[in-house]
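Chemist: sharing a model prediction with you, sequence too.
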Amino acid sequence: MTTVLGCIADDFTGATDLAGLLARSGVRVSLRIGVPTEPPADTAPFEVIALKCRTAPVAEAVADCRAALDWLRSAGAERFFWKYCSTFDSTPQGNIGPVAEALMADLGTVQTIYCPAFPENGRSVYMGNLFVGRQPLAESPMKDHPLTPMRDSNLMRLLEPQVTKPVGLIDRSCVAEGAKAVQKALAALQTEGVAHVVVDAVANADLETIARACRDMPLITGGSALAMPLPALYRADDVLSSDVPSAEVPETTDKSILLSGSCSAMTNRQVARYLETGAPALKVDPLSLADAGPDAALGWVAEQDLAKAPLVYATAEPVEVKAAQEKLGQARAGALVEKALAACAVAARDAGARRFVVAGGETSGAVTQALGVDRLEIGREIAPGVPWTFCDSCGHRIALALKSGNFGSQQFFTEALEVL
Ligand SMILES: Nc1ncnc2c1ncn2[C@@H]1O[C@H](COP(=O)(O)OP(=O)(O)O)[C@@H](O)[C@H]1O
Ligand SMILES: O=C(O)[C@@H](O)C(=O)COP(=O)(O)O
């Protein structure tokens, strides 16, 4: 089937988030891990390519995204969605802006929009400023993110150093006037040469208006929630047939492993709550991993009764993360943890685990790659933006839940196991 919307996500939890919200419409969504090496086959109307390029060097991120764009174009897509984090995770170098500019150049388009709002998860954009719940982004726990600490809340200021062309804003008062007003404002900004337009949204109704106004743009950029209205709009436009069935959910055994490499405030609470249930758990930390490697953790996993859903976690409070980073450097501390948790995932799979719950975007990328997964089907949502997914790993059918650091309720780990 021809692909209607080709999506590129900058991390793996972001990709499952986007795929899960698109799948709410009942339409089939296919998620590929990395750019497929084979030409498109068995394509879905919504194709999502998950990359691990949020914190990659700019040139590498741009090259990966351009390759993803080429593949999606060869699948027949003419509209594209660049998905980044609802907390706009990036550095002054990128990669949100440089990738958007590269995709715009390849598509021959002169304007795109930026809207990371995800109201169901408390992310809203007002006057170009991003809020996490009631806090401005830079005052939220995102200020202490281990890899992309967000120290400004203003999306225009965050984007400007990342791009070469002018940045503008369509604010909430315009969005409240409806899709035609948004289209008019975009056209006016375009005559002024504004290529990058941040758009305010504080509620799903705003996202619906923006999606309606922008549904035929060659490139839309944003958080997952902005894509949610698109399937219904494409159906109404007759671009998408109305009876595309979603994937069937396979059975898996209850042998499980939980792996947490996210250090977000929410994941810290979720780990604490899971520990209170008395489930078996092991904490790993980058300093011990640097000294002794992952053997102790692998030995622990080998001894576990996987029916009890053991948890291996590196999740720590900001002060502990900072101490490890000061000794090892930010990248090495992160890589040691990611590698160890990925090795635990493989060991657990080889010991019979068929359900994997992973917390953290980078962590999910490392685990999924180590499991040798190349394609995910999307199943039931556990929490907004976190669906169960199903795939093959080394000849076994497995279920994977990839949780964004910030998503899910405090009982997320228990809920995930109950939902399946
Ligand atoms: N105790 C720790 N000290 C330093 N870095 C850590 C620690 N625990 C995890 N990390 C690293 O922090 C990063 C967290 O990023 P990620 O997995 O994307 O989580 P999130 O979804 O919360 O952003 C990963 O690279 C992980 O390996
Ligand atoms: O948009 C979001 O918030 C998520 O989909 C996302 O990108 C998750 O990233 P991490 O918080 O790094 O898991």
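Modeler: It's in. Ligands and ions are numbered 1, 2, ... in the order given.
Chemist: every contact and neighbour count from this point should use C-alpha atoms.
Modeler: Noted.
Chemist: and the protein, which residues reach ligand 2?
Modeler: 13-14, 17, 84-87, 223-224, 360-361, 404-406 (Cα under 6 Å from any ligand atom).
Chemist: just the ones of these in helices?
Modeler: 13-14, 17, 361 (DSSP state H).
Chemist: can you add distance to A187, neighbour count and pLDDT and give those residues back as TSV?
Modeler: Below are these laid out as TSV (distance: Cα to Cα, whole Å; neighbours: other Cα atoms under 10 Å; pLDDT from 0 to 100):
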residue	distance to A187	neighbour count	pLDDT
T13	34	30	94
G14	30	29	96
D17	31	29	97
G361	36	25	93
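Chemist: if we look at ligand 1, which of these are close to it?
Modeler: Filtered for proximity to ligand 1 (Cα under 6 Å from any ligand atom), those shrink to G361.
Chemist: so which of the ones in helices among the residues of the chain next to ligand 2 comes closest to K322?
Modeler: G361 (19.1 Å; Cα to Cα).
Chemist: skip the chain neighbours and tell me the closest residue to the closest one.
Modeler: T13 (4.9 Å; Cα to Cα, 6 or more residues apart in numbering).
Chemist: any idea which of the ones in helices among the residues of the chain next to ligand 2 is closest to I210?
Modeler: D17 (19.4 Å).
Chemist: that closest one contacts T389, doesn't it?
Modeler: No. Checked against Cα atoms under 8 Å, the pair D17 and T389 is beyond contact range at 10.5 Å.
Chemist: make JSON lines out of the residues of the chain next to ligand 2 and add distance to V182.
Modeler: Putting these into JSON lines (distance: Cα to Cα, whole Å) gives the following:
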{"residue": "T13", "distance to V182": "30"}
{"residue": "G14", "distance to V182": "26"}
{"residue": "D17", "distance to V182": "26"}
{"residue": "Y84", "distance to V182": "22"}
{"residue": "C85", "distance to V182": "23"}
{"residue": "S86", "distance to V182": "21"}
{"residue": "T87", "distance to V182": "23"}
{"residue": "G223", "distance to V182": "18"}
{"residue": "S224", "distance to V182": "20"}
{"residue": "G360", "distance to V182": "35"}
{"residue": "G361", "distance to V182": "32"}
{"residue": "S404", "distance to V182": "31"}
{"residue": "G405", "distance to V182": "32"}
{"residue": "N406", "distance to V182": "30"}
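Chemist: tell me which residues of the host helix or strand of I210 are tucked away?
Modeler: For I210, the host element (DSSP states H and E) is helix 204-214. For helix 204-214, a neighbour-count test (16 or more other Cα atoms under 10 Å) marks 204, 206-214 as buried.
Chemist: and what of stretch 30-47?
Modeler: So for stretch 30-47, counting by 16+ other Cα under 10 Å, buried means 30-35, 40, 43-47.
Chemist: inside helices: which ones of these?
Modeler: Per DSSP H, the subset of the buried residues of stretch 30-47 in helices is empty.
Chemist: in the stretch 51-200 of the chain, what residue comes closest to ligand 1?
Modeler: Ligand 1 sits closest to P146 of the stretch 51-200 of the chain, with a gap of 5.1 Å, by Cα to the nearest ligand atom.
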